[in-house]
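> Have a look at this prediction, sequence included:
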Amino acid sequence: MAPASWRKFAFALLTLAYFLYFNWSGLWVRFASDDMMNMSIYWRLAPVRVLLSRFVPWSGAYRPMAGLFYLPLFKGFGLNPIPYHAVMLAILLGNLYLMYRFARRVGCGELQAALATLVLAYHGGMSMLYYNTAFIYDVLCFPFYLGAFLCYARVRAQGRLLRGGETALVMGLYLCALNSKEMALTLPIVLLAYEWFYHRPPVWNLREIATWLRGPGRVMLYCVALNLVYLYGKGSGPNAMMKSSAYRPELSLQRVFAFETTAMGDLFMLWETFTWRGVLAVWVLLAYLAWRRPRPMLRFCWVWLMLTPLPLAVLEGRGAACLYIPLAGWAVFAAVVLTDVAGAAARFLADEPLFRRVGYTGLFAAILCASFFFWAKQNDSLRRQFVSVAMADLGRQTADTIQQLRVLNPRVKAHSDVAFLNDPFDGWDMLFIAELWFRDRSLRFHLQRKVPLSAEELSRMTVFDFQNGRLVQVSVPAP
């Protein structure tokens, strides 16, 4: 086997081992409460409607790609969380290959691409991404987003325009990315940045702009048109997300800085450290590193990490696992800067008598290995804290309720009403769990705590109650 092949094989094994070490325990994490809501949303729809909703972005359907994740697993494995985590981890693992190809495509060498991929394999500031299946939207958006970019960039790197089939492939992947999560809205800007830094015409005048719009620019125009249709659905469609306060965008300097202080805390794993001054300092440092030399990959990644978070910055309370797509740009940027710093330090030390015998190559490798060791050690420390604290209670009540339903194994007549008294949840979780447990769309479920029912109404229903924390069936409707 050639040395280059050995290096790639060794890196693949290292990446796999690193990924499994940090993420294997995620297989045994319980469902989050949001999983029940998400799964119930898709289960209520007819399978044909779930499939067709991916092709009508103006309808405002709620992230329909995730339905193709939840529903087949629900049909095959019910409410057992292990298969859901296994499939999600398999997607995350596959995303690492796309990350490597992305780094190589924007100009990284093999070593830099390998380091960037390891950053993405596990990031302690985004632990929920690897352990919580409720973030499947981000996990699914990533491969379609990067896939669309890579398909476009591969053709443009050959010095030609996309043909009809290639354009259709890019647009199809982009539609799937939008159907996964709203994060994908920034792809036209990313493609424009790629064109600007890698394929910019030597002369940029009105004639060249018109020619460009008819050539490379037409794919971006198609993406912008798709964005407008998609945003119409999210704002005015029958299932418009923007009508909910949680998804209503607000573009203000205060909102952007609130997001950035949180996001940088997650990215640098320094929570409650950044203020708006710290954010500005990081922005200035990034701009200096990107623009001090004519290096397209750093300038492109600078645009990527500055602009891809925009769909999050205009919403309240976003961060952590939601930063998966921006993390790709951060990972490449960090890998390039690290190798630059390690190279400069190794050259300096190689001229010192104490280190001269080690040589540049040995010093360079030692600095990178030490950097990777401390990065992995910090990640491992945060992972252990995260698993022991955050994951210890995640979905505990949901799992306990599902287990009680398994033990009780109730049977309810079709086309009837079912009521739950004193359920232990604050929201509508019991309703979602009941819908998924009974798998009967003809049943009508009621939560006494949410919508009080009279004794006469309850007498016509099958009634369950939580007594001393245990689920019991207290009555059945009179014949």
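Right, received. Where do you want to start?

> can you tell me how far the residue most central in space within the chain sits from Ala184?
With distances taken as C-alpha atoms, centre = their mean, the residue of the chain nearest its centroid is Asp138 (2.1 Å). Per C-beta to C-beta, to the nearest Å, Asp138 is found 11 Å from Ala184. Using the backbone N, CA and C atoms, a C-beta is placed for each residue, glycine as well.

> and if you look at Pro249?
For Pro249, the distance to Ala184 equals 15 Å [C-beta to C-beta].

> So which of those two has more stuff around it?
Just comparing Pro249 and Ala184: by other C-beta atoms under 10 Å the higher neighbour count belongs to Ala184, 27 against 16.

> Surely that one is in a strand?
No: counting by DSSP: H, G, I helix; E, B strand; the rest coil, Ala184 is not part of a strand but helix.

> Contact partners for it?
By C-beta atoms under 8 Å, 6 or more residues apart in numbering, the contact set of Ala184 is 141, 144-145, 174, 177-178, 325.

> Next: Asp34.
Shown in contact with Asp34 (C-beta under 8 Å, 6+ apart): Ala134.

> cool, the one 5 residues further on as well?
When the contact criterion is C-beta under 8 Å, 6+ apart, the partners of Met39 are 70-71, 74, 432, 436.

> The same query, at a cut-off of 7 Å, please.
Contact analysis of Met39 by C-beta atoms under 7 Å, 6 or more residues apart in numbering lists 70, 74, 436.

> ok, the residue nearest to the first one when sequence neighbours are not counted to Ile91 distance?
In space, and not counting its chain neighbours, Tyr70 is closest to Met39: 4.7 Å by C-beta to C-beta, 6 or more residues apart in numbering. Computed with C-beta to C-beta, the distance linking Met39 and Ile91 is 17 Å.

> Poorly predicted segments of this protein, please.
1-3, 478-479 (pLDDT under 70).

> Mind splitting it into its structural domains?
Following automatic domain parsing, one finds the domains of the chain at 3-392, 396-475.

> Surely Val87 is in contact with Gly76?
No: applying C-beta atoms under 7 Å, one finds Val87 not in contact with Gly76, separated by 10.5 Å.

> Between the two, which is the more surrounded one?
Counting neighbours by other C-beta under 10 Å for Val87 and for Gly76 shows that Val87 has the greater number, 17 against 9.

> follow-up on the earlier one: any idea which of the contacts of Met39 is closest to Ala370?
Using C-beta to C-beta, Tyr70 comes nearest to Ala370 of these, at 42.8 Å.

> Can you verify my assumption that that closest one contacts Met36?
No: counting by C-beta under 7 Å, Tyr70 does not reach Met36; the two are 10.4 Å apart.

> Among these two, which residue is more densely surrounded?
More crowded of Tyr70 and Met36, by other C-beta under 10 Å: Met36, with 28 against 21.

> Would it be right to say that that one lies in a helix?
Yes: assessed with three-state DSSP, Met36 lies in a helix.

> Not counting residues beside it along the chain, what's closest to it?
In space, Met36 is closest to Phe432, 4.0 Å off (C-beta to C-beta, 6+ apart).

> host element of the one you found?
Phe432 belongs to helix 429-438 when assigned by DSSP states H and E.

> Any idea how many residues pack against Gly469?
Gly469 has 10 neighbours, counted by other C-beta under 10 Å.

> Look up how far Ile136 lies from the residue nearest to Tyr70.
In terms of C-beta to C-beta, Met39 sits 10 Å off from Ile136.

> Toward the C-terminus, what is the element adjacent to the helix holding Phe432?
Criterion used, DSSP H and E; the element after helix 429-438 is strand 444-447.

> buried set for that following strand?
By neighbour count on 16 or more other C-beta atoms under 10 Å, the buried set for strand 444-447 is 445-447.

> cool, and stretch 393-412?
Residues of stretch 393-412 classed as buried by neighbour count (16+ other C-beta under 10 Å): 394-395, 397-398, 401-402, 405, 412.

> Which parts of the stretch 301-450 of the chain are strands?
417-421, 444-447 (DSSP state E, counting those that start in this stretch).

> okay, the ones you listed in CSV with distance to Gly427 next?
Conversion of those to CSV gives the following (distance: least, C-beta to C-beta, whole Å):
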stretch, distance to Gly427
strand 417-421, 13
strand 444-447, 9
